[in-house]
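In: how would this look folded up:
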Amino acid sequence: MAEGNDDKDQKTQEPTQKKLDDALKKGDVAKSQDLVTWFLLSAGTLVVVVFAAGAAGGLALPLKNLIGNADLVQVDRTGLMGLLMSLVLAVVLALGLPFLALFLAGVAGNMVQHRLVFSAESMKPKASKISPVAGFKRIFGKDALVNFLKGLAKISLMGIVIAAVLWPQRSVIDSLVRMDVTMLLPFTHGVIVQILVAVMAILTIIAIGDYVYQYQRWYNRQRMSMQELKEEFKQTDGNPEIKAKVRQIRRERSRKRMMANVPNATVVITNPTHYAVALKYEPGMDAPLCVAKGMDAIALKIREVATANGVPIVENVALARALHAGVELDAEIPEDHYRAVAEVIGYVMRLKGGLN
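Out: The predicted model follows:
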């Protein structure tokens, strides 16, 4: 019973695929905002490098015509509506592709982390959303502290990067007010591109690290207790994947308990490379107990644990095979093997007596 309660309180088991799918349906996904920012900044850099000149030219011509022919503009309703529509069209044509690139980058930044999710779960009213205690924890909790430190680190790094880019240009920057307009724009464009490229390099490292951190936190949140595995097993009506998972957990636990019994064994009987059977016998017992047994890798592990804890190891090929096949774990050995086992244990006892 105590073990069951521990399982319920401690989520130590790997999540099943059903648990991960349910989390996705609820909108609970691993998401790094830094990775989304990286995609947006990449698109922004592309826009500045590729589209900036075209967009500026596309806006410059209609604005130049407007300013140069301001006296010809009709100030009635029809004239103003026509002017407004022409300006809107110019803006759409000039900035349409850049904004489309930014939009697609935002979508891509989310889709590389998880498939698109449409969930109303986050919109449902919850008491925790209006609870002062929960709000206090959100503001001053561990996550808030981590986000604050991350933000501080990012601001510091970005400041250092921007300063490193601008410092060699400090003399030129001082003379910007006296620079010809035709030279000002190319210079500004070049500096902005250098800053964006440098910031991108730093943000790449930050985004990768943040995604790994966010994914690990999300995955750990999905871990399950043994009780949750059992409940899910009942709900899925014997889903083969869940059955295999439960069997694997049971085998691992049984193996750990078995290995924990080896140091208390009286003797380990082996077929040198393939079989190992650990027996325990104390005065007053009706017959020796099999406390551990196994083949190949498990047999090797039993021998290693026995050697580390000073448990005698006796090689007896026929007896090791017979005991492995004929005795259950935590059960007394069959009467057929009393004589052979008694000789081995007697030999071990005499050996210990001689050493003493």
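In: quick one: the helices in the stretch 51-200 of the chain?
Out: Applying DSSP state H, counting those that start in this stretch to the stretch 51-200 of the chain gives helices spanning 52-68, 77-111, 127-130, 132-140, 142-166, 170-174, 181-221.
In: could you do the stretch 251-356 of the chain as well?
Out: 296-308, 317-326, 338-355.
In: can you pull the buried residues of the last one?
Out: Neighbour-count burial for helix 338-355, counted by 16 or more other CB atoms under 10 Å, picks out 340-341, 344-345, 348. Heads up, the C-betas are built off the backbone N, CA and C, glycines and all.
In: which one of those residues sits closest to Val311?
Out: Val348 (9.4 Å; CB to CB).
In: and that closest one, how far from Gly159?
Out: 73 Å (CB to CB, to the nearest Å).
In: ok, now Gln169?
Out: 16 Å.
In: neighbour-wise, which of these two wins?
Out: Gln169 (14 against 10; other CB atoms under 10 Å).
In: hang on, the more buried one packs against Ile192?
Out: No: using CB atoms under 8 Å, Gln169 makes no contact with Ile192, being 11.6 Å away.
In: low pLDDT regions in the stretch 201-350 of the chain?
Out: Counting by pLDDT under 70, the ranges of the stretch 201-350 of the chain that qualify are 235-239, 241-242.
In: now render the buried residues of helix 338-355 as a markdown table, adding distance to Ile302.
Out: Shown next, in a markdown table, are the buried residues of helix 338-355 (distance: CB to CB, whole Å):
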| residue | distance to Ile302 |
| --- | --- |
| Ala340 | 19 |
| Val341 | 17 |
| Val344 | 16 |
| Ile345 | 17 |
| Val348 | 16 |
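In: return the member of those nearest to Pro334.
Out: Distances from Pro334 to these, taken by CB to CB, are shortest for Val341, at 9.7 Å.
In: and the gap between the closest one and Val314?
Out: In terms of CB to CB, Val341 sits 10 Å off from Val314.
In: one more: Pro240?
Out: Per CB to CB, Pro240 is found 42 Å from Val314.
In: comparing the two, which residue is more hemmed in?
Out: Set side by side, Pro240 and Val314 show more neighbours around Val314, with 17 against 8, by other CB under 10 Å.
In: for the more buried one, give me its contacts.
Out: By CB atoms under 8 Å, 6 or more residues apart in numbering, the contact list for Val314 reads 267-270, 344, 347-348.
In: if you set the cut-off to 10 Å instead, what comes out?
Out: 267-270, 279, 320, 343-345, 347-348, 351 (CB atoms under 10 Å, 6 or more residues apart in numbering).
In: re the thing from before, tell me which of the helices of the stretch 251-356 of the chain sits nearest to Val165.
Out: Among the helices of the stretch 251-356 of the chain, helix 296-308 sits nearest to Val165 (CB to CB), with 57.3 Å.
In: flag every buried residue along the closest one.
Out: Buried residues in helix 296-308 (16+ other CB under 10 Å): 298-299, 301-303, 305-306.
In: what's the answer for stretch 217-236, then?
Out: 218, 222, 224-230, 232-233.
In: again with stretch 278-285
Out: Neighbour-count burial for stretch 278-285 [16+ other CB under 10 Å]: 278-281.
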